Structures are given as structure tokens and as C-alpha cells.
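> The sequence and its predicted three-dimensional model are supplied below.
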Protein chains: 2
Amino acid sequence: MPRFTEFETYDVRFPTSLHLDGSDAMNADPDYSAAYLILRTDAGDGLEGHGFAFTIGRGNDVQTAAIEALRDHVLGLDVDATLADLGGFWKSLVHDSQLRWLGPEKGVMHMAIGAVVNAVWDLAAKRAGVPLWKLLAGLTPEQIVDLVDFRYLTDALTPEEALEILRKAEPGRAERERQLRDRGYPAYTTTPGWLGYDDAKLVRLCQEAVAEGFGQVKLKVGADLDDDVRRMRLAREAVGPDIRIAIDANQRWDVAEAIRWIEALEPYDVWWVEEPTSPDDVLGHAAIARAVAPTKVATGEHVQNRVVFKQMLQAGSLAFLQLDSARVAGVNENIAILLLAAKFGIPVCPHAGGVGLCELVQHLSMFDLVAVSGSTEDRVIEYVDHLHEQFLDPVVIEDGHYVAPTRPGFSAELTARTLDEYRFPGGRIWTEQTKGSTK
Amino acid sequence: MPRFTEFETYDVRFPTSLHLDGSDAMNADPDYSAAYLILRTDAGDGLEGHGFAFTIGRGNDVQTAAIEALRDHVLGLDVDATLADLGGFWKSLVHDSQLRWLGPEKGVMHMAIGAVVNAVWDLAAKRAGVPLWKLLAGLTPEQIVDLVDFRYLTDALTPEEALEILRKAEPGRAERERQLRDRGYPAYTTTPGWLGYDDAKLVRLCQEAVAEGFGQVKLKVGADLDDDVRRMRLAREAVGPDIRIAIDANQRWDVAEAIRWIEALEPYDVWWVEEPTSPDDVLGHAAIARAVAPTKVATGEHVQNRVVFKQMLQAGSLAFLQLDSARVAGVNENIAILLLAAKFGIPVCPHAGGVGLCELVQHLSMFDLVAVSGSTEDRVIEYVDHLHEQFLDPVVIEDGHYVAPTRPGFSAELTARTLDEYRFPGGRIWTEQTKGSTK
């Protein structure tokens, strides 16, 4: 009877602030980081589970300490029994009566649970010998519903309603899987639009994005309105009228300011406006959405859990739901969020970028296509060209689409060399230079 | 020019789970804990700033690590300049562009900021030679508004509206301060109602509460409906018809279940129902409030920040606002919350108990009485008789009222002996016994 025997954490940081990659109106100089976990067992198959929380530098040590706080919840558990009841495993972490006080279900402790849950799913997919999306898409509707905790959701989605959604999608699964393997899953790119880039770089990267087959690009906005109008005009000229341009304010505005700012950019045809205000402000998002219609609101990368997403769907706060693979408590909670979105008929367009978020989240969208919403209409996964080379199984983009992964697992593994060189503060990258802004 | 020179943290835990003090429907066996901070300066006056985050056991190490992550934000700062601009100091912590990712403004990292902010306020009051409530109540309306960050609030409360509220309360300040020093501030007691107590203890403690002068008691509910009906009946018989009985579900229910459960208890005259569902569920609370009216809903001890309180006020989610001194980012954010409540005409009845929450929060309610709402009507501070003996300046309750503190500071100091004996895991209390459920 194999058991979990090792629980190894790493504080891994990349000095991305040196080049202002990832700069936006709220995140001036991020050092993309991962609070990283490797789980090992005594099964003798050599398989490991890898998972992580994503942060942007300072505080990655706190995030790593939070993952460490879950060590005793995992070590010694029966591997087969755990993998056979991942819904129960999720509840054992999220409902720990003492740890719960640190959230509940939000922030550092919740992201730590996400890292552990995702690591266990990585192991589950490796043991099954399939990529995670394929493992999930092969479960029965009943098995999928068993993974979800419906606490605090039943006024919007009951287990029975979730079953009905999943059963309705069952007949087309094989056909949609073929479509996915043939054509991949549509992507959009944020690469051109970081605030730290000058106009010439913005225009060049927009043109490259179109040439590479992307049907949508995204611009960071919110620091200066005149700059934003100029950049939006340049981007629109560069991509032409048929490419969608989304804008992203990264929570910069209050409600009235958001409405004024968005109206000033509307002449350039805004596909969506992302994070116009606080991610906690369900009612503020809804007020903005009503005021700027038909321009649509997108949000989610900082939405703390399924309870806030539920309300955003109930209140009409968003037209695109941007779940994040590592913000909430892992795969199980994201399945709940996919089901909520399907119930309300809202397309899911996941947040990605950072460290490994593209690698993880592609699996969730592909599962959604095959087994939940059954559609790619108005659905795109964010793509950012950062740090993929650090992963063992990096995402592959072809003609503006994510190619479906075939390697077993959750595509979550950083290379051994990366873990060694980027360890903070002792790794070679950090001992050789001290210019990164993290500390 | 004095500077902050020492930043010392402690993981302090009390084995309260041994006696089921503090047991409720969600927190079965808490070990009340404090992630504790002492700030020292080189001013030569011997004055220290003390602050803490409250947790219930496991994870207090993570909370302490989060406070440690703020060390470099404080050490070396000019003490006089910092105390002269505590609004700016607050923003320097909350808007750190990298740490912000760990929330934003919620959970472990936000509570850590609360501990640091409150420690600085403790020092400020000691340097001024007055209790914190008196320091705050002596500020001009303009000075108070400068302490508040209005980001994400302006759709509900602008700085101009806040000024107007404060100016309207100015004329009566001296008279209300006399009233406060004479009669104290009304309290209610949760001491009788913990779920772990048997019926005889419940009845005895209810009778004692009335004899001690309390006009309101509170019962924990939500584990078993039949038990709750019986306990509510016993409590009502014990206190008679004129004492208010509040009930507290500690987030146990979904929306429909909450409504059913509350309706079953209404025959015994429920003054308020507290935390009927997830603290994140603004719309769920509002739906419950509409359904159970005229029974009133109270919530707030787990509300993560001012943005969620703002929405609860906008949506009609609560009739009593239960701010917590150590959940949000300290005094400054609680001033914002007091102003929001005043704007909406909602009484603030703070959460207390735990470790030191009574000690801290009395200052905020007393400030509110003198300088903000100007009223004690339907306003009570929770009182729980736990762990006060561990503090240097414990609360004093007389005839069901908090006596206004006179000692300079924020009443936040644990005794030196407490810090030594209850340190986890090395203190005497923890090395001598291993029965506490924390680990």
C-alpha cells in the first residue's frame, strides 16, 4: 500500500523585473516566482507530483511557508485511497478547522492548498499515463460532481444541475476530443501590450502577433489616459479592424473612473475590459458592466474562490470568466467554477502567463471543451511568452492555438536545473547578481 | 531623529482546545493564538509598539512569517515622520506591488499588515501619553480623513462625505467623552453559548450574565437543529423576555438552509443571526436578510476588507456591522469601515473574544462614539471572558459595560511572562504537555 513519503518545497524566483516584462498599472516590477512543491511516494514507480503557487516576488517565502503548513495533511496518506477520493482530499485541506481561520478560502493559505491539490492531480495523471485534460475528460458525470464541494453554491448551482450539464455534454465528447487534437485550443496574446514597452515595440509585437495567427491581443492600460488612447490607436492601426483588442486595467480604477476611462477608449473597438476595479467588488464590476455595455467586462485572475465567482455570475459582473489555475484551491475548485460558468452560459477565458500558468490552465480549458461547455465559441486562453523554457513539458502554440499536450501529467514540472539555479536566495542566478527588485 | 530599530515576532499559542472554550459549528477545537510583534526604536524613551494577528492554532507560524515579511518595510523608518503620516504608512504596506499579489488585501498577508499597523498605533498612543481611543477622538476631521484610503470606496463614500460625517459629530465630542468615562460602553456576552457546553452550564451562565448586568447574550448554533431549538428555549427561559439573545452560525449554512434554520428559532425572539453563510457571500447574506426579516442579520468578523463591507452596506446584507480589530489592515481600515457604517446608518457591534480582540476593539467603538457615529443606540461590543489575564492592561467590565481604558496605548501588550511561557513550540506550556490539538 504506497504512501506519500516526501513533501519538498522550493522558493523559486526569476528576476523578470530587470526587463519590465510583466509590467502593468498595478505591478510595476514583478519578479515572477513560484512557491513550488514536489510530492514523492514509496510506490516504486518513480512518479512525482509537482505543483506550485504563483507570486510576483516578495512574499514568495510566506507562500512557501503556507505550503509547508500542509505537510502533515499529506505525508503518510495512502496514495491509492487519496487518488480514489480527491473530492474528500480537497475538503480535508479546505475545511481544516484551524487553518480555515487564515482565510477562510482566500489568499495565501488558499493558494497553498491549490498548490498541493494540483500536485496530487499531476501525480494522478502521471499514474494514469495521460495528460490531465484527458484524465478529467474521461471521468463520468457522477465522478466529476464528486470532485466538487457545493458548500455555498447551492443557491446558484446544485449537484443535480451540475450532473445535468455534464450529461448533456457526454454525447459529443469523442468528436470534440478529435477536434481538439487536430486544431488545438484558441489562444490570445498579451505579449505586445505591457506598459513598460515603448510605442515602436508595441506596434512591432502587435504585427508579429497577427502574423503568428492570433485573433486577439491584449493591452495593459490604466496608468495614463492620454498614453492609453495613443497606444490603443497604434495597436488598432497595427492589427487592423478584424483582430480583437482587449484591454486590462489590473484593478487600477474606482467605479466612476473606470467608466470614464473605458468610454474614452471605446472608439478603437474594445473587445473586453479586464479587471477595471477591485477583484472583490462584485457590485462595482456589475455597475461598470451596465454603464459601458455593449463593451464587455472580464475578470477573474484575482478572484479568490468559487463563492465570489458565483456572485459575479448572479450579479452580471462579467461577460468573460477568467479563472486562474493557481489562485483558487486547484483543479477541484476550478471544476466548480467551470460548472458555474456553464450554468450561466458565460465563456471561460482563463488567465495565464506568469510562471507556468499557461502550462496548467490549458488542461482546464481542454477539459471544459470536451466534457463541460462543449464549445470554443468566444473562448480563448491567454498566452504570454515568459519562462516556458524552464518547464519540462512547455506549452506549444501553433497558428494562434494551444496544441493539446500528450505527455502524462499536468505539465507542471520545472526542470531540475531551473529549481537549482533560481532557488531564492541561494541559487546561482541570485548569488551572481543583486539587481532584481525582490528581496 | 529616532528610527525603528527592532522588529521582533513571536508565535504564541494557548491550549484552549483542552476545555472546548471557543467551540462553535465551524471551529470545533481552537487553540487561540497570536502572531505577535514588538517594535522598538532608538528614541531612548523605552516605549514599544505591540500588535498581533489572531488565529486559532495551526497556521500561526504562517501568519508570523507574513509579519516577518514586512520587517524591511519598517526597520530604519524615521519614527516621527511615520507617526505624522500614518495614512501614507498604511498605503506603503498595502500597496507594495509585489506583496499585493498574495491578496490583494485579504487573508494572511492583510492580517499581517494589520498587526504592523496596530503596533505602530500602539506606539503612537504611548508617545502621546493617552489611550488610543482618546488619541483618535482628539484628531480633527481632516486628520481622520487623511488616515483613510478611499480607493475602491468612492462609489459609496467620498472623502468629502466622510468629512461631513465627522464635522457633524464634532460639537458633541466633549459631552460624549464624559458619558463614556462615566458609564462605559455597552457590552454583550458570548460566554454562555459555546456549543461544547452542556445544557446545565448554558442555563447557569445565562443566569449569571443577566445578574452581571448584560442586556444581551449570544448562542452558537448551526450544528444540529433540534439541539439548537432546545438550547434557544432554555436560554430564553433563563434570561426572560427582556434580554436580547443573538445567535451565531459561524458560516455553517447555504442560503436556503439558513432561512429554514432561522425560521425554526424565531419563536424564541432572535435579536440577530450572525454569519449565516460564507463571509464572502454579499448577495447570499442579502437574500437571507430579505427572507428572515424582521429578524436581522449581523456579520463581519471574517469580512476581509473595506471593499466587501462596502458592498454589504450597498446590498442590504447586514443590519449590524461586526468589524474585527485584527482581520483587516488595522486601525486605518477600521476607520474607513466606521465611516462607511455611519454613511449607511448601520450600527457597528464589533467582534471580539479570541486573544486580545476585546482589548483592541473597545478603542475603536469608543472613538466611534465620541467622533463618528456619536451614538451607542443598538451598539454593543462583544465580550468573552478568555485570556484577559495574559494582558498588561486587560479590559474591565462593570455592570455589562466596557470601562474606558486610561492607560496610554492600544491595550495590546501581552505580559512578558505570557510571551515566554506560551511561545510555540518551545514555551513551558507546550513542552510540559502535548494535549493541545494544534501542531
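The structure has been received and is ready for your questions.

> what sits against the residue nearest in space to the middle of chain A?
When CA atoms, centre = their mean is applied to chain A, the residue found nearest the centroid is A:Asp324 (2.5 Å). Each residue near A:Asp324 by CB atoms under 8 Å, 6 or more residues apart in numbering or on different chains is listed here: A:Gly300, A:Glu301, A:His302, A:Val303, A:Pro350, A:His351, A:Leu357, A:Val361. (Glycine included, C-beta is placed from N, CA and C.)

> Give me the neighbour count for the third one.
When you say that, I think you mean A:His302. 23 (other CB atoms under 10 Å in any protein chain shown).

> Apart from its chain neighbours, what residue comes closest to it?
A:Pro279 (3.7 Å; CB to CB, 6 or more residues apart in numbering or on different chains).

> Spell out which residues of the stretch 251-400 of chain A are next to chain B.
Residues of the stretch 251-400 of chain A lying close to chain B by CB under 8 Å from any CB of the partner chain are A:251, A:254-256, A:277-284, A:287, A:302, A:304-305, A:307-308, A:310-311, A:314-315.

> Just the buried ones from those residues?
Buried members of those, counted by 16 or more other CB atoms under 10 Å in any protein chain shown: A:251, A:254-255, A:277-284, A:287, A:302, A:304-305, A:307-308, A:310-311, A:314-315.

> how near is the residue of the stretch 51-200 of chain A found nearest chain B to B:Phe424?
Using CB to the nearest CB, the closest approach of the stretch 51-200 of chain A to chain B is made by A:Gly107 at 2.0 Å. According to CB to CB, to the nearest Å, A:Gly107 stands 22 Å off from B:Phe424.

> can you check A:Ala258 too?
Using CB to CB, A:Ala258 is found at 45 Å from B:Phe424.

> More neighbours: the two, which one.
A:Ala258 (26 against 22).

> what about that one, is that helix, strand or coil?
helix (DSSP: H, G, I helix; E, B strand; the rest coil).

> quick one, the helix ranked longest in chain A and helix B:107-128 angle?
Counting by DSSP state H, the longest helix found in chain A is helix A:107-128. Taking axes from the mean of the first three to the mean of the last three CA atoms, to 10 degrees, one finds helix A:107-128 and helix B:107-128 inclined to each other by 160 degrees.

> Off-centre distance for helix A:107-128?
13 Å (CA atoms, centre = their mean, to the nearest Å).

> now swap in stretch A:43-56 and tell me
For stretch A:43-56, the distance to the chain centre is 17 Å (CA atoms, centre = their mean).

> Could you check it and say which residues are buried?
Buried-residue list, stretch A:43-56, by 16+ other CB under 10 Å: A:Ala43, A:Leu47, A:Glu48, A:Gly49, A:His50, A:Gly51, A:Phe52, A:Ala53, A:Phe54, A:Thr55, A:Ile56.

> May I have the beta-bridge partners of the fifth one?
In this case it means A:His50. Beta-bridge partners recorded for A:His50 (DSSP bridges): A:Ile38.

> For it, which residues are in contact?
A:Tyr36, A:Leu37, A:Ile38, A:Leu39, A:Ala119, A:Asp122, A:Gly409, A:Phe410, A:Ala412, A:Glu413, A:Leu414.
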